[in-house]
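> Build me a structure from this.
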Amino acid sequence: AVAAVDFQYVGGGIGVQDVAYFLGSVLSEQDLLNHTEDCLDYYFGELRSALSKHLASEECEAVCNSWRQLYCVANADFHRFLAGWSPEHFKINRMLQQQTEQAIALVSARPQ
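Here you go, the predicted model:
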């Protein structure tokens with residue numbers, strides 16, 4: 001008998017983390033620099049549309065604004081994963097490092 005196990009994380013969290021992991025996995029560094037905002041605009045447009053069927057407009061905006069702000073934190077988590085798994089991984093690039101620095105600044109600015 002043969003068995004395969006996929007060790008990817010399964011659990012609760014914010015959807016933008018999946019977006020960060022996906023974009024970081026499929027786009028080159030240059031494509032990330034050039035197209036991340038367009039990809040996020042598309043994602044949040046679709047999310048807003050889907051949420052609007054179940055939530056009031058201001059609730060949709062609150063979710064989208066919060067998740068968009070947390071995109072850099074999700075990238076910092078991707079960076080953490082890659083650095084622990086393969087510290088020399090080519091996906092640890094300028095864009096990912098910038099996002100991690102942005103996340104650290106965001107978290108550092110929050111009142112305790």
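
> Quick check: which element contains the closest residue to Val107 other than its chain neighbours?
Closest residue to Val107 in three dimensions, ignoring its sequence neighbours and counting by Cβ to Cβ, 6 or more residues apart in numbering: Val73, at 7.2 Å. (C-beta placed from N, C-alpha, C; glycine too.) Here Val73 sits within helix 71-85, counting by DSSP states H and E.

> Next: Leu55.
Using DSSP H and E, Leu55 maps to neither a helix nor a strand.

> From Ala62, how far out is it?
Taking Cβ to Cβ, to the nearest Å as the measure, Leu55 falls 9 Å from Ala62.

> Could you tell me which residues touch both of the two?
Listed as contacting both Leu55 and Ala62 by Cβ atoms under 8 Å, 6 or more residues apart in numbering is no residue at all.

> For the lowest-mean-pLDDT helix or strand in the chain, which helices and strands make contact with it?
Every helix and strand of the chain was ranked by mean pLDDT, DSSP states H and E. The lowest is helix 15-26, at a mean of 92. Under the contact criterion of 3 or more Cβ pairs under 8 Å, 6 or more residues apart in numbering; DSSP states H and E, helix 15-26 touches helix 29-51, helix 57-69, helix 71-85.
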